[in-house]
Structures are given as structure tokens and as C-alpha cells.
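Enquirer: just need the structure, nothing else, for what follows:
(chains A and B)
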Amino acid sequence: MFKIASWNVNSLRVRLPHVLDWLNTAQPDVLALQETKVTDEDFPIMDFQEIGYHAVFSGQKTYNGVATISKSPSSTVSTKLPGLDDPQKRVLATNHDDILVLNLYVPNGNAVGTEKYEYKLDWLSHLIDYTRSLVTEYPNCILLGDFNIAPTDDDVHDPAEWEGKILCSEKERAAFNDLILTGLTDCFRLFSGHTVNYSWWDYRTAAFRRNRGLRIDHILATSTLSSGCKKCWIDIDPRRLERPSDHTPVVAEFT
DNA sequence: ATGGTAGTTCAACTA
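Expert: So this is what the prediction gives:
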């Protein structure tokens, strides 16, 4: 059994106690973190080592930053998208036995039509090209992270309110679909009857209390892996804690 | 149509 999870923690410094508690309880083999907002020299390696986990990371000050925590030591394959010269730390590819794990913090995009939106679409285009080569080289691939895209209206609390807006626009959804078409499966949608359907609730407007959420954090796997996916769910518990991240973990188990 | 909260950093940016 291989258990993997993704969690945008919105500052690892602030959320470290939540993350350590969650690791101790959930005991995943791999946890992909996004928005660590910590430089590599300041990364709290020891806190993870003390509870039996290794860590690799690609971080920066103030914004972005990704880290992949794992029970077995892993090696970094890449920290960038080929062909994209980008100072923003949003990508971390690592090897875990025979599985290539690509931890992603996709740009938010701010609003449709803005410069940040164009950056997001360009970033996604480079991700799709990179994924096409990865799935060729590695039969067992898992892409996971904060994709900042709700793939369909089923992933949105109020589709009418969000229609055409950032995280839900046609071009973002088309890019997500193109990514899937490289040979990936959205593991969450292998199963029906989920009790928790969203992975992110805006801090503003009391969105969590009213369950006004979106499913924008995903675990995507190549067919050799997804055919052995036994469970995939969103763990709402960390979102209920004091001073939570605005995201909560998405988890998958494979045979 | 605007602003609401949170994190980093200390005025303003990102989300």
C-alpha cells in the first residue's frame, strides 16, 4: 500500500504543528506541500526527521515554495518546468522507488484577462509539455498539488456565481483537460459518494462555515497506478483547527 | 461592484 497526500499549507512556519500532527496521524508515505513560503536554508528539516520523515524542498521568501515529505529518502529530479525561465518556486519532481512524484503549485491567475492569468496559462502549457515527456519516461507518475483549477461545475459550490471566473474559466479547464489527456486520471473522480467535495474555502466571507468551497487540489496518476487506486478523499479535519490553512489535504491510496 | 481574511513584512503584495 502506498499512501500519498497533497496540502497547500499557506506558510509552513505557521502551519508546522498542524502538518506534524497530521503526519503522525495519517502516516502517508509521501506528503506534497505547497506555499511553504520558506527559503531552503530555513526549512525545518529536523522537525520532520524527529517524526521519521525525510524532506526535499524548493522554496523562496514570502511567496510560493514546495516541499515533498516522505518516509523513505528521495532525490530531486527537477525543480523547474523545462523551457520556462521562472524565479517562482512552484515545481518539485522527486523519485520514490519506481514512482515519479511531481509536486505542483500552479499559479493562481488573479483574474481572467490579467497579466497573471496569461502567466498561468503559459505556465500550464509548459506543464503539459513536461508531463507528456514525463509519462513517456516514467510509467508510474503522480502529479499532485494546488492546481488552482476547479475542473468541472461539480467541483464548485455555486457554478453560476463562479462561471467564467478565475479557477473556473474555460481556458483553465481546457488546460486541465489537456493535462489529463497526456495519460492521467483524476483519482478523486474514480469514486462517487464523497462526503467532502471541496479542498479550499476562501478565508473571506466565512466561506468554510457556509461550505462555499472549490475542489482545486488534485491527485492525478498514470493508468498503471490509477488502476490500483483504492481510495481518494479530502480530509476536512485540518480545516476545522484553530488558525487553519485555507486548503485541506487530499489523500489517495494505491495498492 | 466592492470587500471581506490571512501571511509576510512593515506598505503593499499575493491569494
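Enquirer: residues in contact with the residue of chain A found nearest DNA strand B?
Expert: Residue nearest to DNA strand B within chain A: A:Ser11 (3.0 Å; Cβ to the nearest atom of the strand). From N, CA and C alone the C-beta is placed, and that goes for glycine too. A:Ser11 makes contact with A:Glu35, A:Thr36, A:Lys37, A:Val38, A:Ser245 under the criterion Cβ atoms under 8 Å, 6 or more residues apart in numbering.
Enquirer: and those residues, which are buried?
Expert: Using 16 or more other Cβ atoms under 10 Å as the burial test, the contacts of A:Ser11 include A:Glu35, A:Thr36, A:Lys37, A:Val38, A:Ser245 as buried.
Enquirer: A helix includes A:Leu16, no?
Expert: Yes. Looking at A:Leu16 with DSSP: H, G, I helix; E, B strand; the rest coil, it is inside a helix.
Enquirer: per-residue pLDDT of it, please?
Expert: According to the prediction, A:Leu16 has pLDDT 98.
Enquirer: and it, how many neighbours does it have?
Expert: 16 (other Cβ atoms under 10 Å).
Enquirer: hmm, A:Phe43 and it touching each other?
Expert: No. In this structure, A:Leu16 is not within contact of A:Phe43 by Cβ atoms under 8 Å, at 10.6 Å.
Enquirer: any idea which helix is longest in chain A?
Expert: Ranked by number of residues, the top helix in chain A under DSSP state H is helix A:115-137.
Enquirer: what residues does the stretch 151-255 of chain A put near DNA strand B?
Expert: A:Tyr203, A:Arg204, A:Thr205, A:Arg243 (Cβ under 7 Å from any atom of the strand).
Enquirer: now the two most distant members of those residues.
Expert: Farthest pair in these (Cβ to Cβ) is A:Thr205 and A:Arg243. Separation: 18.1 Å.
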